[in-house]
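**Q** All I have is the shape, not the residue letters:
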DNA sequence: TAAAAAATTTAGACTTATCTAAATTATGAA
DNA sequence: TTCATAATTTAGATAAGTCTAAATTTTTTA
């Protein structure tokens, strides 16, 4: 088994790998709130365990066994988030930190039974896909609404930022998963957008918000 | 917050305190599978935090704040065990190690909602009382069937040993919680007992088993 | 393309929790 | 009540994970 710190590094590398082939020491340090020197130490350790491909000064990528572990942790995280929202009635902005602890519970049988108990959910409360017990899932085909043009429309299906401040803002604006929206206007000056809800109400959202709100194709 | 190691020491001291006023270094070492010298180090640390009363060479007891923490961990342990058995359909002999990890999940709101979700169970799958959110619970008024006499009878309501070997043995003999039994004979030679089940079937159990099987008064 | 800046690694130190071996204190049997 | 034994503590070491400061490598830019 791997330590808690190792698991967190693998997960962080996995998430950062979505944007780039290789992940840098500084990126990992920033995402884990540690110092670059601490990261270097851990990278050596993970490389020794054959969980990452690491060449000094060149950044890292996960090996297939490293990726397997990372995906499993993400599976656990997302299933626990689903549990917290669907069964224990937490709001989607409250569950991240709890799931961050729960994802390290080791038993595979526990998580498989939890999956069954909840009837094999496909997406977590933020719209992220939940890997199955073999680590398989379809990559989300979502894109930020900031990429849409005027008159485009679609269904809100995910968020990129999971911070409670963002999620609470969305909640307040009723911009929650499943809601249908249309782009009414894009303000050229600051790239903010005016969008229309199903109930015809119009909302003005910033470029930053638009970048973090995802829509199904 | 306290570290995982600290929490395990407090829990261990709490459990050992049931038999004695003061708990010895060696008892703690045995229960946690560590060395006495490691225990001494930790005792100093816990005493500094005012979680235990500690005088060199004299053993320890929990302070009220130490006890509060210990009871809270036990509450979490027992609620998670109940969840695993009632919701995820694990057997009572499978849940201990998982709960041992889950009891360290920190959120109080999570555990209170879990409690509510399960409709405030009073006892865990082994018959142990579950403390409420204020740490209150009625001490179990159970006694080992080894203390009974011939012709006495009662309902199996708890076990003292939570090892899966013992629990599996009980399962096989149908000696599970809620079953009514009567003492038919006590073998003087080895203190083993012949007991009768509701269905009139007779079972012969060792003194050791009788010591670990608890009955409601 | 060489110097400056940024990124990364190394060196050495600290904390937590553990260990072994040695020293000290308490206990109980003669 | 003393002395052997058991229990406990102390001293010093180790491993994991982190840190700061210094050194090194890579990248950028002029």
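**A** All right, it came through fine. Because the structure is a prediction, the values reported are computed rather than measured. Numbering: from 1, shown residues only, chains lettered A, B, ... in the order given.

**Q** make it CA atoms for all contacts and neighbour counts henceforth
**A** Noted.

**Q** residues in chain A within reach of DNA strand D, list them.
**A** By CA under 7 Å from any atom of the strand, the residues of chain A that approach DNA strand D are A:3-6, A:33-39, A:41-42, A:57-58.

**Q** Cross these against helices and list the overlap.
**A** Of those, the ones assigned to helices by DSSP state H are A:4-6, A:36-39, A:41-42.

**Q** now those in CSV, with neighbour count and pLDDT?
**A** Output for these, formatted as CSV (neighbours: other CA atoms under 10 Å in any protein chain shown; pLDDT from 0 to 100):
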residue, neighbour count, pLDDT
A:4, 12, 97
A:5, 11, 97
A:6, 17, 98
A:36, 16, 97
A:37, 12, 97
A:38, 11, 98
A:39, 20, 98
A:41, 10, 97
A:42, 15, 98
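
**Q** quick one: which of those residues is nearest chain B?
**A** residue A:4 (12.0 Å; CA to the nearest CA).

**Q** isn't there a helix covering residue A:170?
**A** Yes: according to DSSP: H, G, I helix; E, B strand; the rest coil, residue A:170 belongs to a helix.

**Q** Count the residues that sit near the closest residue to it other than its chain neighbours.
**A** Spatial nearest neighbour of residue A:170, chain neighbours left out: residue A:176 (6.4 Å); criterion: CA to CA, 6 or more residues apart in numbering or on different chains. Other residues near residue A:176 come to 21 when the count uses other CA atoms under 10 Å in any protein chain shown.

**Q** Same question for residue A:159.
**A** Using other CA under 10 Å, the number of residues around residue A:159 comes to 26.

**Q** go on, the one 3 residues further on?
**A** For residue A:162, the tally of surrounding residues (other CA under 10 Å) stands at 17.

**Q** Regarding it, what is its secondary structure?
**A** Per three-state DSSP, residue A:162 ends up coil.

**Q** Against residue A:23, how distant is it?
**A** Separation of residue A:162 from residue A:23 (CA to CA, to the nearest Å): 21 Å.

**Q** Same check on residue A:85?
**A** Noted for residue A:85: a distance of 32 Å to residue A:23, by CA to CA.

**Q** who's more crowded, these two?
**A** Per other CA under 10 Å, whichever of residue A:85 and residue A:23 has more neighbours is residue A:23, with 22 against 18.

**Q** phi, psi of the residue lying closest to residue A:131 once chain neighbours are set aside?
**A** The shortest distance from residue A:131 to any non-neighbouring residue, by CA to CA, 6+ apart, is to residue A:137 (4.6 Å). Main-chain dihedrals, residue A:137, degrees, to the nearest 10: phi -160, psi 150.

**Q** if I read this right, residue A:137 contacts residue A:128, doesn't it?
**A** No: using CA atoms under 8 Å as the test, residue A:137 is too far from residue A:128 to be in contact (10.0 Å).

**Q** Between the two, which is the more surrounded one?
**A** The residue with more neighbours, out of residue A:137 and residue A:128, is residue A:128; 18 against 15, by other CA under 10 Å.

**Q** From residue A:12, how far off is the more buried one?
**A** For residue A:128 relative to residue A:12 (CA to CA), the value is 16 Å.

**Q** before we move on, what about residue A:97?
**A** Counting by CA to CA, the separation of residue A:97 from residue A:12 is 15 Å.

**Q** more crowded one of the two?
**A** Neighbours were counted for residue A:97 and for residue A:12 using other CA under 10 Å; residue A:12 has more, 19 against 13.

**Q** quick one, what contacts that one?
**A** A:28, A:31-32 (CA atoms under 8 Å, 6 or more residues apart in numbering or on different chains).

**Q** quick one: buried residues of stretch A:208-217?
**A** A:209-216 (16 or more other CA atoms under 10 Å in any protein chain shown).

**Q** State the distance from residue A:154 to DNA strand C.
**A** Taking CA to the nearest atom of the strand, to the nearest Å as the measure, residue A:154 falls 37 Å from DNA strand C.

**Q** Over to residue A:108?
**A** In this view, residue A:108 and DNA strand C are 24 Å apart by CA to the nearest atom of the strand.

**Q** Likewise for residue A:214?
**A** Separation of residue A:214 from DNA strand C (CA to the nearest atom of the strand): 28 Å.

**Q** Next up, the contacts around that residue.
**A** A:142-145, A:156-160.

**Q** Take the residues you listed and write them to JSON lines, including pLDDT and secondary structure.
**A** As requested, the contacts of residue A:214 are exported to JSON lines (pLDDT from 0 to 100; DSSP: H, G, I helix; E, B strand; the rest coil):
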{"residue": "A:142", "pLDDT": "93", "secondary structure": "strand"}
{"residue": "A:143", "pLDDT": "93", "secondary structure": "strand"}
{"residue": "A:144", "pLDDT": "95", "secondary structure": "strand"}
{"residue": "A:145", "pLDDT": "95", "secondary structure": "helix"}
{"residue": "A:156", "pLDDT": "96", "secondary structure": "strand"}
{"residue": "A:157", "pLDDT": "95", "secondary structure": "strand"}
{"residue": "A:158", "pLDDT": "96", "secondary structure": "strand"}
{"residue": "A:159", "pLDDT": "96", "secondary structure": "strand"}
{"residue": "A:160", "pLDDT": "92", "secondary structure": "coil"}
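
**Q** Give me the subset of those residues that also touch DNA strand C.
**A** Checked against DNA strand C using CA under 7 Å from any atom of the strand, the contacts of residue A:214 give no members in range.

**Q** Out of those, the closest to residue B:168 would be?
**A** residue A:158 (45.9 Å; CA to CA).

**Q** The closest one contacts residue A:213, doesn't it?
**A** Yes: with contact defined as CA under 8 Å, residue A:158 reaches residue A:213; the gap is 6.4 Å.

**Q** Name the helix or strand for residue A:109, please.
**A** helix A:108-117 (DSSP states H and E).

**Q** let me redo that: residue A:132
**A** Residue A:132 belongs to no helix or strand, assigned by DSSP H and E.

**Q** which residues touch it?
**A** Residue A:132 makes contact with residue A:75, according to CA under 8 Å, 6+ apart.

**Q** In chain A, which helix is the longest?
**A** Under DSSP H, chain A gives helix A:64-86 as its longest helix.

**Q** tell me which residues of that helix are tucked away?
**A** With burial defined by 16+ other CA under 10 Å, the residues of helix A:64-86 counted as buried are A:66-85.

**Q** again, but for stretch A:135-143
**A** For stretch A:135-143, burial by neighbour count (16+ other CA under 10 Å) applies to A:135, A:142-143.

**Q** Looking at those residues, which is nearest DNA strand C?
**A** Closest approach between the buried residues of stretch A:135-143 and DNA strand C, by CA to the nearest atom of the strand: residue A:143, at 27.2 Å.

**Q** Apart from its chain neighbours, what residue comes closest to the closest one?
**A** The shortest distance from residue A:143 to any non-neighbouring residue, by CA to CA, 6+ apart, is to residue A:214 (5.1 Å).
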